[in-house]
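Using only what follows, build the 3D model:
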Amino acid sequence: MKQLFFVAVGVVIGFLAAQRVSRTPSAAHLLAQVDARAKAFTGAVADGYRSREAELRPTGDTAAD
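Next up, the predicted model:
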């Protein structure tokens, strides 16, 4: 329970710090870059997952008779 409390406090402090920092133009630009890179990374992971899933999925070309 104590660990959950510290995680919650850390999330709140991080959120407040991000709100305060994002008010400056350079920080807003930095946060926008980080957001864009995070979205690109998650998109690449999702594409890789879909590609690998398609490789593993049977295509139906072979008869199971």
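
Check which helices and strands the lengthiest helix in the chain sits against.
As assigned by DSSP state H, the longest helix anywhere in the chain is helix 25-56. Secondary-structure packing of helix 25-56 (3 or more CB pairs under 8 Å, 6 or more residues apart in numbering; DSSP states H and E): helix 2-21. Every C-beta, even on glycine, is put in place using the N, C-alpha and C of the backbone.

tell me what the helix it packs on is packed against?
Helices and strands touching helix 2-21, by 3+ CB pairs under 8 Å, 6+ apart, are helix 25-56.

tell me the mean pLDDT over the helix it packs on?
The pLDDT scores in helix 25-56 average 92.

quick one: it to helix 2-21, angle?
Here the directions of helix 25-56 and helix 2-21 differ by 120 degrees (axes from the mean of the first three to the mean of the last three CA atoms, to 10 degrees).

Show me how far helix 25-56 is from its chain's centre.
Mean C-alpha position of helix 25-56 versus that of the full chain (CA atoms, centre = their mean, to the nearest Å) differs by 7 Å.

Renumber starting at 52 from here on
Okay, using 52 as the starting number, the last item reads as helix 76-107.

ok, now how distant is residue 66 from residue 72?
11 Å (CB to CB, to the nearest Å).

got it, and residue 85?
Going from residue 85 to residue 72 by CB to CB gives 12 Å.

same check, this time on residue 96
Counting by CB to CB, the gap from residue 96 to residue 72 is 27 Å.

if you count what's nearby, which of those two comes out ahead?
Higher neighbour count among residue 96 and residue 72: residue 72, with 13 against 10, using other CB atoms under 10 Å.

hang on, that one packs against residue 80?
No: with contacts counted by CB atoms under 8 Å, residue 72 stays clear of residue 80, the gap being 11.3 Å.

What distance do you get for residue 88 to residue 110?
35 Å.

repeat for residue 57
From residue 57 over to residue 110 the distance is 50 Å, taken as CB to CB.
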